[in-house]
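Visitor: Got a predicted model here, sequence first, then my questions.
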Amino acid sequence: MSINTHLKEKITQMAKEDQKIREEQRQQFSILTGKDIDEKKYTEETSRMRGVMEELDKRHTEEMRKIIEEYGWPGKKMVGAEANNYAWLLVQHAVHDEDFQKRCLGLLKQSIQEGDSEAKHAAYLEDRILVRSGLKQKYGTQFRGSKTGKQTPYPIEDLDNLEERRKSVGLGLFLEYKKRMENL
């Protein structure tokens, strides 16, 4: 199978839009937190920013749904490694549609078994789904902001075997990841 250039470009474009809006929001959030701004204005502005991102995520989710219905999971053989990574990223951000994420997780795991996708992507997506369902995550990939401004991990199941699970899917050491996340 040769690379589907059209599909690769479409997924890449959506991912660039995704990352652009998130970077703009990180910068805006940094500006807001660095100023003496009243609580009401801060709440309004962060709510507005979140709304813009959610609309983009919904639009991208619909596009990914169409792609997957027509082509199946866009693995490396279909769209190349970079666009395969982007496809996972776009599904990872489809938090408003857990059923879609669950469906994609199954397709992604199948693609991994075929050597056509990365195991770490399934770990991130599985953790995202678990956390959104109020359950403990398995791989320690999901963090949240805290009152101190540092990112903290959502609860993780079976901490004694966390490093083994992370290693099995190609993730680095949790403590190194946690340090990076805390400094975001």
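Guide: Everything's here; your move.
Visitor: how about low-confidence regions in the chain?
Guide: 1, 29-38, 146-149 (pLDDT under 70).
Visitor: Swap in 80 and give it another go.
Guide: Applying pLDDT under 80 to the chain flags the ranges 1, 26-43, 45-46, 146-150, 183-184.
Visitor: need the strands for it, in chain order.
Guide: Assigned by DSSP state E, the strands in the chain fall at 143-145, 151-153.
Visitor: Which one of these lies nearest to residue 95?
Guide: Nearest of the strands of the chain to residue 95, taken as CB to CB: strand 143-145 at 12.6 Å. Quick note: C-beta positions are derived from backbone N, CA and C, even for glycine.
Visitor: coming back round to it: turn the strands of the chain into TSV, including mean neighbour count.
Guide: Formatted as TSV, the strands of the chain follow (neighbours: other CB atoms under 10 Å):
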stretch	mean neighbour count
strand 143-145	13
strand 151-153	16
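Visitor: which stretch among those strands comes nearest residue 118?
Guide: Comparing the strands of the chain by CB to CB, strand 143-145 comes nearest, at 20.0 Å.
Visitor: The residue nearest the centre of the chain and residue 161, how far apart?
Guide: Of all residues in the chain, the one closest to the mean position by CA atoms, centre = their mean is residue 92, 3.5 Å from it. Note on residue 92: its distance to residue 161, by CB to CB, to the nearest Å, is 24 Å.
Visitor: How about residue 129?
Guide: From residue 129 over to residue 161 (counting by CB to CB), the distance is 20 Å.
Visitor: those helices in the chain, which residues are they?
Guide: 5-33, 39-71, 76-92, 98-113, 119-132, 162-168, 174-182 (DSSP state H).
Visitor: Distance to residue 174 added to the strands of the chain, as a markdown table?
Guide: Converted to a markdown table, the strands of the chain look like this (distance: least, CB to CB, whole Å):
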| stretch | distance to residue 174 |
| --- | --- |
| strand 143-145 | 11 |
| strand 151-153 | 8 |
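Visitor: mind listing what residue 119 touches?
Guide: 112, 168-170 (CB atoms under 8 Å, 6 or more residues apart in numbering).
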